[in-house]
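Undergrad: the following comprises the amino acid sequence and a computationally predicted model.
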Amino acid sequence: ASAGNSVLQGFRVNAGVLTAIAGPVGLPDRPSGIVAGPSGYELYVASEQASEVQAFSITPGTGGPDLAQRQRVRISGGVLGVASAERGLLREPRLLYAVHASGQSLSSYAVDPVTGALSINGGGAAVELSPRGLAIDADAGLAYVANEGAANVTMLRLDPATGQPTTIGQRGVGQEPFGVAFELTRRFLYVSNGGSGSVSMLGVNRMNGGLTTLGSPIATGPMPGWIASDPTGQFVYVVNRGDSTLSGYRIDPQTGLLSPTPTPTVSSGGLGAARAVIHPSGRFLYVTNTITGDVAGFLIDPTDGDLLGLGQPALAGDAPGPLAVDPLGEYLFVGNEGTGDVTLFDVNPVSGSLTRVFGPTAVVGNTVAALSVDPTGRFVHASEPTADVIVAFAFNRAIGTLSLIESQGAAAGQPSGLGSTGSIQ
């Protein structure tokens, strides 16, 4: 924002070089502050002399302000600056959600902010046969569960006061849906179809939770399972369990449609590819290989989404599966399905390389189905479906260790997929 001529001008950044994009847009006299909203698709400009704040929506793709969506708010006394109140704040309520395979339900658990202990938060909501992946939009109060045995996705509303889920309905997708993931703005949802060898692309109505099919499903490798989207909103990656490969796709920011990356498929770096997670920086992707017992890392090309291997995979435990990264991106947690414990890795922020952290064994039980890291990074939760429990750990960041808090009986049978709210923005 320029105070001299009272205009707003956007620029695209490429390797440190600025190129002007759509604009300039006229502003009231003497703009005095500017800030982006938490999603990256809102912009707020303060004007001291006009005593107002203008809000703009940013057009995906072009980066220019959408003048049709401009709003003005008058504030008496002049406005010297603006700040996004969402950044750095912990949203409440702090809840953990669990998909229950045998119970065919989604339940919520309150997380004690001091101890990390869990308590069942009211009743659950019905989903359908063999529920697997879970995606949560805490801002809109929505959740979606992929039902592998029903070839559909259950849509759920989360109560804004209690967080308790209520089933809205179902949307059909491909055969044996497994993984589900939002892109950055949560306007689009992607579902991997293990039986169809494809990804379904869905538009999300964030007002009522409805889903709309976007074109025909796009092909993957054999038996696609876990799906992950990068935090910049540009790329989606699918783990193909049938041949231990990864498929990469670029997201059209306007339509939500996917197209393959230039190198559409790469090896997972091992055998038995299971789960994938993307580093909070958006620079690295990690995948577990259950047969070779390791975790492979990849560098994500920010221009086209291609994956470049980071070298020799890091050895984990017996049959590593679920994994999660702490909010600061300093540690990677890996659940070992064969031994029922958790392995920790230190993440190099520059290279993305992993260094195993040796310490007391964090035992979950007979196996580990899912991991979730609290948004503060202080607690880690793991689901153990054979014992029908969710295990809570305290995480000591200084020395990289997990210590047991409690083993909480699940609200229903076979807790598997986990997701949390109360995220820091």
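TA: On my side now, so go ahead.
Undergrad: tell me the helix or strand right after the helix or strand bottoming out on mean pLDDT in the chain.
TA: Lowest mean confidence among the helices and strands of the chain (mean pLDDT, DSSP states H and E): strand 65-74, at a mean of 56. The element immediately downstream of strand 65-74 (helix or strand, assigned by DSSP states H and E) is strand 95-100.
Undergrad: restricting to C-alpha, output the helix or strand just after that next one in CSV.
TA: Heading C-terminal from strand 95-100, the first helix or strand you meet, by DSSP H and E, is strand 105-111. Extracted in CSV, the C-alpha atoms of strand 105-111 (Å, rounded to 0.1, in the frame of the first residue of the first chain):
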residue,chain,number,x,y,z
SER,A,105,-18.6,-43.5,14.2
LEU,A,106,-16.7,-40.3,14.7
SER,A,107,-16.2,-39.3,18.3
SER,A,108,-14.6,-36.3,20.0
TYR,A,109,-12.4,-36.1,23.1
ALA,A,110,-11.6,-33.0,25.2
VAL,A,111,-7.9,-32.4,25.6
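Undergrad: between strand 105-111 and strand 95-100, how many degrees?
TA: With axes from the mean of the first three to the mean of the last three C-alpha atoms, to 10 degrees defining the directions, strand 105-111 sits at 150 degrees from strand 95-100.
Undergrad: what pairs with strand 105-111, parallel or antiparallel?
TA: Strand pairing for strand 105-111, using DSSP bridges, gives strand 95-100 (antiparallel), strand 118-120 (antiparallel), strand 125-126 (antiparallel).
Undergrad: now the shortest one: mean pLDDT?
TA: The average pLDDT within strand 125-126 is 96.
Undergrad: residues near Pro131, how many?
TA: By the criterion of other C-beta atoms under 10 Å, Pro131 has 28 neighbours. Placement of C-beta: from N, CA and C, glycine included.
Undergrad: actually Gly103, not the one I typed
TA: Neighbour count of Gly103, defined by other C-beta under 10 Å: 20.
Undergrad: from Leu8, how far off is it?
TA: 52 Å (C-beta to C-beta, to the nearest Å).
Undergrad: same check on Gly297?
TA: In this view, Gly297 and Leu8 are 40 Å apart by C-beta to C-beta.
Undergrad: which one of the two has more residues nearby?
TA: Higher neighbour count among Gly297 and Leu8: Gly297, with 26 against 19, using other C-beta under 10 Å.
Undergrad: just to check, the more buried one is in contact with Phe345?
TA: No. Counting by C-beta atoms under 8 Å, Gly297 sits too far from Phe345 to count as a contact (9.4 Å).
Undergrad: so for these two, which residues contact both of them?
TA: Here Gly297 and Phe345 have Ala314, Leu354 as joint contacts, going by C-beta atoms under 8 Å, 6 or more residues apart in numbering.
Undergrad: distance check, Ala46 against Pro65.
TA: 15 Å.
Undergrad: and for Ser281?
TA: Distance of Ser281 to Pro65, computed by C-beta to C-beta: 27 Å.
Undergrad: looking at these two, which is more packed in?
TA: Set Ser281 next to Pro65 and count neighbours by other C-beta under 10 Å: Pro65 wins out with 24 against 15.
Undergrad: in stretch 210-228, what's buried?
TA: Leu211, Leu214, Pro217, Ile218, Thr220, Gly221, Met223, Pro224, Gly225, Trp226, Ile227, Ala228 (16 or more other C-beta atoms under 10 Å).
Undergrad: span of it from start to end?
TA: Across its full length, stretch 210-228 reaches 21 Å end to end, with C-alpha to C-alpha, to the nearest Å as the criterion.
Undergrad: please apply the same query to stretch 98-118.
TA: First residue to last in stretch 98-118 (C-alpha to C-alpha) measures 12 Å.
Undergrad: likewise for stretch 368-387?
TA: One end of stretch 368-387 sits 10 Å from the other (C-alpha to C-alpha).
Undergrad: before we move on, what about stretch 305-321?
TA: First-to-last residue span, stretch 305-321, C-alpha to C-alpha: 24 Å.
Undergrad: mean confidence for it?
TA: In the prediction, stretch 305-321 has an average pLDDT of 97.
Undergrad: which stretches of the stretch 51-200 of the chain have low pLDDT?
TA: 51-52, 56-63, 66-93 (pLDDT under 70).
Undergrad: wait, what's in contact with the nearest residue in space to Val191 that is not next to it in sequence?
TA: Computed as C-beta to C-beta, 6 or more residues apart in numbering, the closest residue to Val191 that is not its neighbour in sequence is Ser200, at 4.5 Å. Contacts here follow C-beta under 8 Å, 6+ apart; on that basis Ser200 touches Val173, Gly174, Pro177, Tyr190, Val191, Asn193, Thr213, Pro217.
Undergrad: of all those residues, which comes closest to Gly309?
TA: Tyr190 (23.8 Å; C-beta to C-beta).
Undergrad: quick one: the closest one and Pro217, what's the gap?
TA: According to C-beta to C-beta, Tyr190 and Pro217 sit 10 Å apart.
Undergrad: can you pull the residues that touch both of these two?
TA: Val199, Ser200, Met201.
Undergrad: make CSV out of those and add secondary structure and distance to Tyr249.
TA: Shown next, in CSV, are the shared contacts of Tyr190 and Pro217 (DSSP: H, G, I helix; E, B strand; the rest coil; distance: C-beta to C-beta, whole Å):
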residue, secondary structure, distance to Tyr249
Val199, strand, 7
Ser200, strand, 12
Met201, strand, 9
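Undergrad: give me the number of residues near the residue nearest to Glu148 when sequence neighbours are not counted?
TA: Closest residue to Glu148 apart from its sequence neighbours, by C-beta to C-beta, 6+ apart: Ser130 at 4.1 Å. Other residues near Ser130 number 17, with proximity taken as other C-beta under 10 Å.
Undergrad: how close does Ser130 get to Ala140?
TA: Separation of Ser130 from Ala140 (C-beta to C-beta): 26 Å.
Undergrad: check Gly116 too.
TA: Using C-beta to C-beta, we find Gly116 at a distance of 26 Å from Ala140.
Undergrad: more neighbours: the two, which one.
TA: Neighbours per residue, other C-beta under 10 Å: of Gly116 and Ala140, the larger number sits with Gly116, 21 against 17.
Undergrad: cool, thanks, signing off.
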